[in-house]
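S.K.: give the three-dimensional model of this entry:
(2 chains)
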Amino acid sequence: MKYAYYPGCSLHSTAKEYDLSTRAVCRELGIELEEIPDWSCCGASSAHSLSRELSIALPLRDLAKAEEMGLDVVTPCAACFNRLKSVVALAKNDPERLQSIVGKFGISYKGSVNVLSLLEAISQLGEEAVKSHVRRELSGLKVASYYGCLLVRPPDVSQFDDPENPKSMDNVMAALGAEPVEWPYKHECCGAGLSLSKPEVAVKLVHDILAMAKRAGANCVATACPLCQGNLDMRQSQVESRYGERIGLPIFYFTQLMGMAFGLPNSSLGFNKLMVNPNRVLAAVGSK
Amino acid sequence: MAKATAEDRLTISDDRTFSDEIGRLSGQNITACYQCGECTGGCPVAYAADLMPNQVMRLIQLGQDESVLKSSMIWLCVGCETCTTRCPRGIELAAVMDALRETSVRLGIAAGEPAIRKFHETFLNSVERGGRVHEVSMLAEYKLRSLNLFSDLFLGAKMFLKGKLALIPKFIKNRREIKRIFGEARRK
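M.R.: Residues are numbered from 1 along each chain as shown, chains lettered A, B, ... in the order given. Predicted coordinates for the structure are as follows:
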């Protein structure tokens, strides 16, 4: 399977370990990723907050490049996924409006490209295919699979999994031999979009999510979004000091856990870039 | 629907009500809202806001543009799409919030949460400059503009030591096209 790869800005900076582990895991699974040449930012929340036209035109430029490549797009970032997939939804639901924007911005795009999140592309392979690559079961890991907002919402755009009780990441974790915990906050918003401009709100939301993951018995969290991961990981020490609670939950990218189960070298998974030290939890893997 | 009194209304246009205008911009049927409160029940930021999402909808219906456009709610909305997903009337509230923010900027109304608006502007400046966001220069600009110089310095240092922050921006090649896209978006 070959896709046009859209890493998004975060995967080239704050989330390098997501890019590294995505490439390593896809190589192992036989998913070929060809990076979209000279891709640009999708505009993220800021574009749709200030200019709805810009929020369509920016991802449109990237989709036009993918269309030239003749490939569907895979992106590991949930926020990029939402922006790119919104254009796919517009092409389907309101082709006239899309064509008016195509015309105004002078971008040539026919609308033939589909966009998948990385989690969806991997889920499509099926659990058995994932299992067949496992060399080291992740027994002992009690994983709270955290989907956040934009991977599964809004359902008209994402067209993937259940928006109120998603299961795809839990299924991948189970295929790796880890134990996915049942918990009710797997799709609550972590407020990453406000992490810099209104940190007190983000810290409160991160607290609620992580405290619930702990109550559910998790010893780590798996994420599929560089903004969720960054927020839950980097704000965790502030949560602990503000709320006077010990959290101590390593926040992994789901691809890092896949790579570990596949027996890929640690150097290709970037565990050393995580803020909350994962060594204690990783040392317990296999102990059951 | 009856128009609100002239004193309550900001000038949107002479021939359209506020409700019509937001409905047109967002592509949503504002009148469909019947105030069940599902949007507010699931909103992660409502606790910090001056208006609840269902109140925003009701005030738009009533033409109370000023109270809506000045509210902190429209800026606190992170676009998590919980309300959109759960609305039994099929209203995409997150799209309504986008239309409200865009309208408040167009009318030159002071943002109910100025730091959040500054952040979005700074983010887009960074994209316009290089085609991609460059965190270090964006954060520096944001901190200068928001005069919030010392928060998260320790966190930033730790990220740098982890190799998560690139000092040198990686610009895309075709920045001219990005500039053109931003220019077109400004031309209404």
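
S.K.: now residue B:164. Its backbone dihedrals?
M.R.: Reported as degrees, to the nearest 10, the phi and psi values for residue B:164 are phi -90, psi -10.

S.K.: which residues touch residue B:126?
M.R.: Residue B:126 is in contact with B:133-134, B:137-138, B:141, counting by C-beta atoms under 8 Å, 6 or more residues apart in numbering or on different chains. For glycine as for every other residue, the C-beta is placed from the backbone atoms N, C-alpha and C.

S.K.: show me which of the residues you listed neighbour chain A.
M.R.: Counting by C-beta under 8 Å from any C-beta of the partner chain, B:133-134 from those sit close to chain A.

S.K.: helices - which of the contacts of residue B:126 land there?
M.R.: Judged by DSSP state H, helices contain the following of these: B:137-138, B:141.

S.K.: which of those residues has the largest number of neighbours?
M.R.: Within these, most neighbours by other C-beta atoms under 10 Å in any protein chain shown means residue B:138, with 22 neighbours.

S.K.: the residue nearest to residue B:141 when sequence neighbours are not counted and residue A:223, how far apart?
M.R.: With sequence-adjacent residues excluded and distances taken as C-beta to C-beta, 6 or more residues apart in numbering or on different chains, residue B:141 is closest to residue B:122, at 5.1 Å. Per C-beta to C-beta, to the nearest Å, residue B:122 is found 25 Å from residue A:223.

S.K.: the more surrounded of the two?
M.R.: Between residue B:122 and residue A:223, residue A:223 has the larger neighbour count (other C-beta under 10 Å), namely 29 against 23.

S.K.: ok, that one touching residue A:250?
M.R.: No - using C-beta atoms under 8 Å, residue A:223 is not in contact with residue A:250; the gap is 10.8 Å.

S.K.: closest to chain A among the ones in helices among the contacts of residue B:126?
M.R.: Nearest to chain A among the ones in helices among the contacts of residue B:126, counting by C-beta to the nearest C-beta, is residue B:138 at 9.2 Å.

S.K.: report the separation between the closest one and residue A:8.
M.R.: Counting by C-beta to C-beta, the gap from residue B:138 to residue A:8 is 15 Å.

S.K.: one more: residue B:115?
M.R.: For residue B:115, the distance to residue A:8 (C-beta to C-beta) stands at 24 Å.

S.K.: kindly report the same for residue B:147.
M.R.: As judged by C-beta to C-beta, residue B:147 and residue A:8 stand 30 Å apart.

S.K.: and what of residue A:77?
M.R.: 4 Å.

S.K.: what touches both of these two?
M.R.: Common contact partners of residue A:77 and residue A:8 (C-beta under 8 Å, 6+ apart): residue A:226.

S.K.: start and end of stretch B:68-88, how far apart?
M.R.: End-to-end distance of stretch B:68-88: 22 Å, with C-alpha to C-alpha, to the nearest Å as the criterion.

S.K.: same question but for stretch B:33-42, I mixed them up
M.R.: End-to-end distance for stretch B:33-42, by C-alpha to C-alpha: 16 Å.

S.K.: quick one: that stretch to chain centroid distance?
M.R.: Its chain's C-alpha centre and that of stretch B:33-42 lie 20 Å apart, by C-alpha atoms, centre = their mean, to the nearest Å.

S.K.: what does it contact?
M.R.: B:46, B:52-55, B:57-58, B:61, B:82-83, B:86-89, B:91, B:93.

S.K.: show me where chain B has helices.
M.R.: Assigned by DSSP H, the helices in chain B fall at B:18-26, B:38-42, B:53-61, B:65-69, B:73-76, B:82-86, B:93-106, B:114-130, B:135-146, B:153-161, B:175-186.

S.K.: pull out the buried positions in the first one.
M.R.: Buried residues in helix B:18-26, counted by 16 or more other C-beta atoms under 10 Å in any protein chain shown: B:18-23, B:25-26.

S.K.: quick one: mean pLDDT for that helix?
M.R.: Mean per-residue pLDDT for helix B:18-26: 95.

S.K.: which other helices and strands contact that helix?
M.R.: Using 3 or more C-beta pairs under 8 Å, 6 or more residues apart in numbering or on different chains; DSSP states H and E, the elements in contact with helix B:18-26 are helix B:53-61, helix B:93-106.

S.K.: can I get these in TSV with mean neighbour count?
M.R.: Converted to TSV, the helices and strands packed on helix B:18-26 look like this (neighbours: other C-beta atoms under 10 Å in any protein chain shown):
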stretch	mean neighbour count
helix B:53-61	23
helix B:93-106	22
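
S.K.: and of those helices, who's closest to residue B:171?
M.R.: The minimum distance between residue B:171 and the helices and strands packed on helix B:18-26 falls on helix B:93-106, with 26.8 Å, by C-beta to C-beta.

S.K.: got the contact list for the closest one?
M.R.: By C-beta under 8 Å, 6+ apart, the residues outside helix B:93-106 that reach it are A:48-52, A:55, A:154, B:12, B:21-22, B:25-28, B:30, B:39, B:53, B:56-57, B:60, B:68-70, B:73-75, B:77, B:79-81, B:83-84, B:87, B:111, B:117.
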